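Chemist: with the input below, show me the fold.
(chains A and B)
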Amino acid sequence: MRTKTGVAVQIARSSDASKRRRIPLSVMVSIAWIVVVLLVALFADQIAPFHYTSLNLPDRLIGPFDPQHWLGTDELGRDVLSRLVYSVRISVVVALAATVISAILGTTLGFMAAHFRGPVEHVILVLIDFQAAMPFLVLSLSVLAFFGTGLPLFIALMGLYGWERFARVARGLALSAAAQGYAGAVRQLGASPRRIYLRHILPNVLSTLIVLMTLTFPEIILMESSLSFLGLGVQPPMTSLGNMVGYGREYMTRAPWIMLAPAALIVLTTLSISLLGDWLRDGLDKGLR
Amino acid sequence: MTSTILELRGISRSYAIRQGLLGRKVRFRAVDDVSLNVEEGRTLALVGESGSGKSTTGRVALGLEPPDDGTVRFRGAALPEIDSPAWRRIRTQMQMIFQDPLAALDRRLTILEQVREPLDIHDIGPTGEREAVALEMLNAVGLGTGHATNLPGQLSGGQRQRAVLARALVMRPALLVCDEPVSALDVSIQAQVVNLLMDIQDRMGLSLLFISHDLKVVRQISQRIAVMYLGRIVELGETQAVLSNPLHPYTKALVSAVPVPGRPTHARIVLEGEPPNPAARPSGCAFHPRCPLARSECASDIPQLTVRRDGGAVACHVVASGKVCA
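Modeler: Predicted coordinates for the structure are as follows:
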């Protein structure tokens, strides 16, 4: 009896250990960092020591490690840490919303192409090629220049980023499922297309789509940063990571911390999500083998 | 006399394939002028080598693909248009069993959920009882209730095919089209599944269209047989009669290829050459380039299926002229 439980405990321990070993350190750190970023975005109001617009002109351009302003102040005496916290919120909201829009739009169009075939599929495939061939930055620059820079429009525009990849993957997976596999079998049972796509195909391709989302998310953060840097993204007094970098560049030599803090945050966050996505994809490939 | 449940009249189905990047589209006839009857409660076997159009015939028979030409009648009525509500409703009466059961099952849902699904789709029976009905059907196909909560990946090949069978049968269909249902299984499991099919056919009065290339299985399960070559039926008749006394040269070669203990191997007829490309169909009788009995007319005229005294039918000029006696 005793030896049996001993063996059982040992087995349990060793399997625990092997499970833990399977998550590499870099991925663990990435996950921790993403959690921190999400928490900051969620509780920005509680965390930020100052409001992101509160000016304090006598305290302009204070360097970092100041007891009151840990990351220093900018050219108008605004606390860089507080602005960073609110920037994270805006950037995460924009990127998250845009990624979800892009995934839903792309997957829907991909499924439609696979379902209707014929002319509908042709039109969608042409749209996909058009989107893939068009430099997205140029497209968004022209749209923002003509239609102004409201936050909803900006999010909607970012939501167009990368949808063609979701559409391609969703179409391919749906086609292969319908040709030979379970989707064809369920159709032949008499199921409605809604049931086939929502109950059968979508859950089966979801893991692939989630990995794709982890690739799109950092790219949208970068895209948002680039556009904000160029002055066409998030507009002051609102603040975002790219916006902070953009306006901080004028003080790059005199007060580099204004720009370096958000820049470092962009790098770390996108890197973390990419590492996580990479690891997820490896895990899924193994699962499929 | 048994009544006909499924009737195919002059079915043709062709596909367009493009050869090469800039090549012209070539239409090839996968199925060419095929007529068949499946009788109520009996089994018709459809045999032929790969590429002979037997799977396409099965799909057309079930209404999963429209024929280019000809009609399919189920219980005297033409099949409704694909994906229409009427088409979905008629699925409860005709079902398909696939060759690869793992591909035909959703890997993420348990066996019970999948067997229950047809009842949910067609709203058959009270919601609370559907699970019990599904479990009962799992028992009937010999999958114990212990497997009900398993995922398809946790079952063996034979068990998966039983699950697919249970899913098809839970709606109590009248017609089952089995597309090579056992060819992906081990030989020992094949016999079990075939016996199960015959057993269920007896109990539920099912009519079967059994597509296979395995004459041993066909001999066991079917009463009638149709032999296909390159999209056309070359011989049709009672299974016993056709297999014991094949008339068409192609059927002869097929039958002689089945190893029988005690028979000397030199009695085998070995066909020369490969089955021709369906896109480049030989003129006249499609079989004539490989036929040991071919004559000049075989290269020019397509032989028609002619019914013989014993009820069988053969499409062959040589047999029709009586030069080769049966």
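
Chemist: show me the contacts for residue A:232.
Modeler: Residue A:232 sits next to A:140-141, A:144-145, A:149 when contact means CB atoms under 8 Å, 6 or more residues apart in numbering or on different chains. Where you see a C-beta, it was placed from the backbone N, CA and C, and this is true even at glycine.

Chemist: by neighbours, which of the residues you listed wins?
Modeler: Using other CB atoms under 10 Å in any protein chain shown as the neighbour test, the contacts of residue A:232 are led by residue A:140, with 22 neighbours.

Chemist: for chain A, see how far away the residue nearest in space to the middle of chain B is.
Modeler: Nearest to the mean C-alpha position of chain B, by CA atoms, centre = their mean, lies residue B:211 at 2.2 Å. Counting by CB to the nearest CB, to the nearest Å, the gap from residue B:211 to chain A is 15 Å.

Chemist: which of the three states applies to that residue?
Modeler: Assigned by DSSP: H, G, I helix; E, B strand; the rest coil, the conformation of residue B:211 is strand.

Chemist: what's the pLDDT at it?
Modeler: Note for residue B:211: predicted pLDDT of 94.

Chemist: bridged to it, which residues?
Modeler: residue B:46, residue B:179 (DSSP bridges).

Chemist: wait, it sits on residue B:54?
Modeler: Yes: using CB atoms under 8 Å, residue B:211 is in contact with residue B:54, at 4.9 Å.

Chemist: are there residues contacting both of these two? Which ones?
Modeler: B:46-47.

Chemist: what helix or strand is residue B:149 on?
Modeler: Using DSSP states H and E, residue B:149 sits in no helix or strand.

Chemist: how about it, nearest residue that isn't a chain neighbour?
Modeler: Nearest residue to residue B:149 in three dimensions, chain neighbours excluded: residue B:110, at 5.1 Å (CB to CB, 6 or more residues apart in numbering or on different chains).

Chemist: residues contacting that neighbour?
Modeler: By CB under 8 Å, 6+ apart, the contact set of residue B:110 is B:148-151.

Chemist: how many residues are close by the residue in the stretch 201-326 of chain B that chain A sits nearest to?
Modeler: The minimum distance from the stretch 201-326 of chain B to chain A, using CB to the nearest CB, falls at residue B:209 (14.2 Å). Using other CB under 10 Å, the number of residues around residue B:209 comes to 27.

Chemist: so the closest residue to it other than its chain neighbours: helix, strand or coil?
Modeler: When the adjacent residues along the chain are set aside, residue B:209 lies closest to residue B:177, with 4.6 Å between them (CB to CB, 6+ apart). Of the three states, residue B:177 takes strand under three-state DSSP.

Chemist: try residue B:276
Modeler: Secondary structure, three-state DSSP: residue B:276 is coil.

Chemist: that one touches residue B:287, doesn't it?
Modeler: No: in this structure, residue B:276 is not within contact of residue B:287 by CB under 8 Å, at 9.2 Å.

Chemist: in chain B, what residue spans correspond to helices?
Modeler: B:54-61, B:85-90, B:101-104, B:111-122, B:127-140, B:157-169, B:187-204, B:215-221, B:239-244, B:249-256, B:317-321 (DSSP state H).

Chemist: dump these into a markdown table; add mean neighbour count and mean pLDDT as well.
Modeler: What follows is these, written out as a markdown table (neighbours: other CB atoms under 10 Å in any protein chain shown; pLDDT from 0 to 100):
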| stretch | mean neighbour count | mean pLDDT |
| --- | --- | --- |
| helix B:54-61 | 24 | 91 |
| helix B:85-90 | 14 | 91 |
| helix B:101-104 | 22 | 88 |
| helix B:111-122 | 22 | 92 |
| helix B:127-140 | 16 | 90 |
| helix B:157-169 | 25 | 91 |
| helix B:187-204 | 16 | 90 |
| helix B:215-221 | 19 | 90 |
| helix B:239-244 | 19 | 90 |
| helix B:249-256 | 22 | 88 |
| helix B:317-321 | 18 | 83 |
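
Chemist: redo the ones you listed as JSON lines? Include distance to chain A.
Modeler: Formatted as JSON lines, those follow (distance: least, CB to the nearest CB, whole Å):
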{"stretch": "helix B:54-61", "distance to chain A": "9"}
{"stretch": "helix B:85-90", "distance to chain A": "4"}
{"stretch": "helix B:101-104", "distance to chain A": "4"}
{"stretch": "helix B:111-122", "distance to chain A": "5"}
{"stretch": "helix B:127-140", "distance to chain A": "13"}
{"stretch": "helix B:157-169", "distance to chain A": "7"}
{"stretch": "helix B:187-204", "distance to chain A": "17"}
{"stretch": "helix B:215-221", "distance to chain A": "22"}
{"stretch": "helix B:239-244", "distance to chain A": "27"}
{"stretch": "helix B:249-256", "distance to chain A": "27"}
{"stretch": "helix B:317-321", "distance to chain A": "38"}
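
Chemist: so which of those is nearest residue A:82?
Modeler: Distance to residue A:82, taken as CB to CB, is lowest for helix B:111-122 among the helices of chain B, at 51.5 Å.

Chemist: ok so, going back, near chain B too, which of the contacts of residue A:232?
Modeler: With CB under 8 Å from any CB of the partner chain as the criterion, the contacts of residue A:232 include none near chain B.

Chemist: sort out for me which of those residues are in helices.
Modeler: Filtering the contacts of residue A:232 for helices - DSSP H - leaves A:140-141, A:144-145.

Chemist: closest one of these to residue B:224?
Modeler: Using CB to CB, these come closest to residue B:224 at residue A:140, 67.2 Å.

Chemist: so the closest one sits against residue A:223, correct?
Modeler: Yes: Residue A:140 is in contact with residue A:223 according to CB under 8 Å; the separation is 7.5 Å.

Chemist: what touches both of those two?
Modeler: Here residue A:140 and residue A:223 have residue A:158 as joint contacts, going by CB under 8 Å, 6+ apart.

Chemist: what parts of chain A come near chain B?
Modeler: A:180-182, A:184-186, A:188-193, A:195, A:200, A:203-204.

Chemist: cool, thanks, talk later.
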